[in-house]
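Peer 1: Have a look at this prediction, sequence included:
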Amino acid sequence: MSANKDEEQRVVKEPISRSFLACILLGLIVLGCCNFVLLKILYTAYGDEYAFFVNQGVNLLYIIYGGIAVYPRWIWTKDITPEMVAFPHRIYFCMALLDALGTFFTAMGSSFTPGPLQPLLNQTLIPFTMLFSAIFIRTRYGLLEFVGAGLILCGAAVSTIPNFVNNDNTGATRWYSIVIYFCSNIPMACSAVYKEKNFNDVLLDVWFLTQWVSIYQFAISFLFMPMLLVPGFGSEHGTTWAEMGDSMSRGVQCFLQLDGSYTILKDGSHESCSSQGTFWLLTGYTLTNICFNTLGLYLTKVGSAVLNSLAYALLVPGATLAFCLPYLGKYQESIQWETGVGLLIVMVGFGIYQHFTASVEGTAGPPPGTLGSDAMEPTPEGLERLIKDYDELSPRMSQPSFQERVIGMGKPHRTSFANSFASGTSLSPTAAETEMEPLIVDSASTGGSTIVANAPPSYGSFSAQDAPGASK
């Protein structure tokens, strides 16, 4: 044990009260509904002509907001460690590439994808994440998990039926925009799997990680501009190279709400940017998105698995129904019966997926001949295999990051984010958390107990009793 044992021990704090947890849960649901509604309003107000500008505006504002959170701590505190600074940037770049593709497809499809449909389409991230996890990191899933994922896909498909079958003469919905928005989940799922694969042995400060990914994402997104030439990306008939530069220039003017700036509405009419409140929409949405992600990570740390599942169960229907509230004014949308049926199927699918996932993670025991099995042979070969199997079975911590679509989804956003907001520390595990406990096994060959490995502590669900005080 080191000489600084007292400094390395975990500080025991009072458990968080149920009323405070209820406030966090309520705040998360309200922020989540505002986040998804504002996303739709933002792209509708700016129109498809400025969709790419808005996408880059969000990326740039993330850099600005993130810089405020990162650079003072980097300069004047020890929260950003030399190990974090030395972390290879190629991983940031790959994450940024995948995230940039996801947000680009979201931007291109959001304006003409019905608002109540978007939260349901977001849930298809679960089956996509399962697919890519099975392909790239050999994750195994049970039958009921596949059933749950299949129901989520079916629910999303049912909710889109009227938009593909009926002709929308108002131009408010375009079927290919729905397809583009749906496809945004593919790179986002790849990003989640890539993060899980590449952050097994290191934890970075969530703001430090987000800052670098945002910088690369902003730069990479410009490489997608040639896709705006394709009809449906940015405009119904495509955008010429000359129009791209002009669109970005007028997008800046619209953001600043300068005199003479305007947006083109879905019916083809013009409306001034100042009357649309474009400046406040872009800055307000980005800030809301950051707060939603931050609170989501905090709830993941201090809340139980049941509480996080409850947040998801309330957030999805809440965000879907929020679009029909009268306070939205001209942005209010109606919900068709197919959307209600699709929502029900999605929630049933998630319930099956989440319940079976929790059962497997909480009760699965070691297979015969591995750690904890009576069939383990007390031989040197058996002990060597035990150490190997222990490393494979031990839970690993996952790198926290901002991704609002996975909040409450279980595996993609599980409580391995426990250290995201350790007060006064970086996101690297504290000494008390990383201290290795000796693994003791009975060895017939030695006639007694032998230390054969150092076992990391189990990172399970954080309950209210386990949680530290309510500070970031």
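Peer 2: Received the coordinates, thanks.
Peer 1: Select the longest helix from this structure.
Peer 2: helix 18-46 (DSSP state H).
Peer 1: now the helix or strand just after that helix against helix 18-46, angle please.
Peer 2: Sequence order places helix 51-76 as the next helix or strand after helix 18-46, per DSSP states H and E. Counting by axes from the mean of the first three to the mean of the last three C-alpha atoms, to 10 degrees, helix 51-76 lies at 140 degrees to helix 18-46.
Peer 1: If you count neighbours, what's buried in stretch 182-199?
Peer 2: 182-196, 199 (16 or more other C-beta atoms under 10 Å). C-beta coordinates here come from the backbone N, C-alpha and C atoms, glycine included.
Peer 1: Just the CA trace of that stretch, in CSV.
Peer 2: Only the C-alpha atoms of stretch 182-199 are listed here, as CSV (Å, rounded to 0.1, in the frame of the first residue of the first chain):
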residue,chain,number,x,y,z
PHE,A,182,-33.1,6.7,-40.1
CYS,A,183,-29.6,6.1,-41.6
SER,A,184,-28.1,8.5,-39.1
ASN,A,185,-28.3,5.7,-36.5
ILE,A,186,-25.8,3.6,-38.5
PRO,A,187,-22.7,5.7,-38.0
MET,A,188,-23.8,6.6,-34.5
ALA,A,189,-24.0,2.9,-33.6
CYS,A,190,-20.6,2.3,-35.1
SER,A,191,-19.2,5.2,-33.0
ALA,A,192,-20.6,3.6,-29.8
VAL,A,193,-19.0,0.2,-30.7
TYR,A,194,-15.7,1.9,-31.7
LYS,A,195,-15.6,3.7,-28.3
GLU,A,196,-16.3,0.5,-26.4
LYS,A,197,-13.5,-1.3,-28.3
ASN,A,198,-10.9,1.4,-27.9
PHE,A,199,-11.4,2.7,-24.4
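Peer 1: That one - what's its average pLDDT?
Peer 2: Averaged across stretch 182-199, pLDDT comes to 89.
Peer 1: ditto for stretch 232-240
Peer 2: Averaging pLDDT along stretch 232-240 gives 80.
Peer 1: And for stretch 298-317?
Peer 2: Averaging pLDDT residue by residue across stretch 298-317 gives 79.
Peer 1: on that earlier part again, in the longest helix of the chain, what's buried?
Peer 2: 21, 24-25, 28-29, 31-46.
Peer 1: Kindly report the same for stretch 286-299.
Peer 2: 286, 288-290, 292-299.
Peer 1: what's the nearest residue to Leu314 if we skip its chain neighbours?
Peer 2: Spatial nearest neighbour of Leu314, excluding adjacent residues (C-beta to C-beta, 6 or more residues apart in numbering): Ile29 at 5.2 Å.
Peer 1: do Val346 as well
Peer 2: Gly155 (3.5 Å).
Peer 1: Asn59 too?
Peer 2: Phe218 is the one closest to Asn59 (C-beta to C-beta, 6+ apart), at 4.1 Å.
Peer 1: follow-up on the earlier one: quick check, the residue nearest to Leu314 in contact with Ala311.
Peer 2: Yes: Ile29 is within contact range of Ala311, at 6.6 Å (criterion: C-beta atoms under 8 Å).
Peer 1: The helix or strand where Leu98 lies packs against which elements?
Peer 2: Element membership for Leu98 (DSSP H and E) is helix 89-110. If you count contacts as 3 or more C-beta pairs under 8 Å, 6 or more residues apart in numbering; DSSP states H and E, helix 89-110 packs onto helix 18-46, helix 51-76, helix 175-183, helix 185-198, helix 206-221.
Peer 1: Out of those helices, which is closest to Phe105?
Peer 2: In terms of C-beta to C-beta, the element of the helices and strands packed on helix 89-110 nearest to Phe105 is helix 175-183, at 5.3 Å.
Peer 1: packing partners for the closest one?
Peer 2: Secondary-structure packing of helix 175-183 (3+ C-beta pairs under 8 Å, 6+ apart): helix 89-110, helix 118-122, helix 143-165.
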